[in-house]
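[1] Test case, fold it:
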Amino acid sequence: MLSIKDLDVHYDDVQVLHGVTMEVRATEIVTIVGANGAGKTTLLKTITSIHRSSKGQIWFEGERIDHLSPHHIVDRGLIRIPEGRKIFPTMSVLENLELGSYLPKAKALRSESMGKVFDLFPRLRERTRQLAGTLSGGEQQMLAIGRGLMTLPRLLMLDEPSLGIAPLLVREIFRTIREVNHQGTTLLLVEQNVFNALDMAHRGYVLENGKIVLQGEAHDLLGNEYIKESYLGI
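    Below is the predicted model:
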């Protein structure tokens with residue numbers, strides 16, 4: 001579904017990604033794990049053309065997309081939920097969700113999509129008129145995911161969904177991510193919580209200093225001695 005081939009990315013003279021090659025197949029959960037500064041967020045931003053690559057190719061459902069503008073990529077159903085949630089704090093929960101369905105095909109199914117989001121996140125149904133900025137961190141993450149789902153994504157990319165969230169709500173967020181996948185949405189997950197990410201993923205990639213250093217089935221990576229020592233503290 002998504003294929004990245006030999007991707008290099010620079011910030012001015014500093015190279016951040018080095019020859020990254022990876023793929024995401026339809027209906028999978030694929031996770032990218034790594035420490036802060038490894039290049040995970042840069043990779044997601046490059047996939048969605050917020051940053052431009054200096055080398056390599058990005059293909060989505062058989063079409064090369066690395067030359068497209070961000071809004072054209074969104075229109076194709078490739079959606080990124082950014083790190084830090086980036087909700088609109090002075091707008092209501094309902095208004096934030098409605099903004100997710102601004103494309104014509106999504107707008108036509110807004111009511112149906114809203115119902116599905118509220119089924120996934122009952123807390124949002126209770127807070128439709130509440131200003132988004134007054135929600136807790138976990139509730140804001142629910143809203144960010146819900147807004148992404150309102151676009152009718154074919155592939156949803158989540159950047160650090162557990163960051164800054166209370167442990168109880170982290171479990172709920174991960175449960176919901178799994179349910180979204182069970183309903184048919186393909187997921188690419190960037191996450192520092194290595195155990196939770198690999199525990200629910202089908203496959204994983206380990207990104208260090210801008211390079212893919214390990215890849216494989218998620219359960220195999222969980223049992224990898226390097227992963228245990230470097231990321232799980234075992």
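
[2] Find the residue at the geometric middle of the protein.
    residue 158 (1.5 Å; CA atoms, centre = their mean).

[3] Which parts of the protein are helices?
    For the chain, the helices defined by DSSP state H occupy 40-47, 70-75, 93-99, 104-108, 110-120, 122-126, 137-149, 167-182, 194-200, 218-222, 225-230.

[4] Which among the ones you listed is found nearest to residue 210?
    Smallest distance to residue 210 across the helices of the chain (CB to CB): 8.0 Å, for helix 40-47. Where C-beta positions appear, they are placed from N, C-alpha and C, glycine not excepted.

[5] can you list the residues that contact the closest one?
    2, 4, 7, 9, 16-17, 20, 32-34, 51-53, 58, 66, 73, 78, 80, 83, 157, 159-160, 188, 190, 207, 210 (CB atoms under 8 Å, 6 or more residues apart in numbering).

[6] among the residues you listed, which ones are buried?
    Buried residues within the contacts of helix 40-47, counting neighbours by 16 or more other CB atoms under 10 Å: 2, 4, 7, 9, 16-17, 20, 32-34, 51, 53, 58, 66, 73, 78, 80, 83, 157, 159-160, 188, 190, 207, 210.

[7] Restricted to strands, list those.
    2, 4, 7, 9, 16-17, 20, 32-33, 58, 78, 80, 157, 159, 188, 190, 207 (DSSP state E).

[8] contacting residues around residue 7?
    17, 19-21, 43, 46, 53, 55-58.

[9] for this protein, which spans come out with low pLDDT?
    Scanning the chain for pLDDT under 70 picks out 234.

[10] ok, how many other residues are close to residue 223?
    For residue 223, the tally of surrounding residues (other CB atoms under 10 Å) stands at 10.

[11] so how far is residue 38 from it?
    21 Å (CB to CB, to the nearest Å).

[12] Equivalent analysis for residue 8, please.
    Where residue 38 is concerned, residue 8 sits at a distance of 15 Å (CB to CB).
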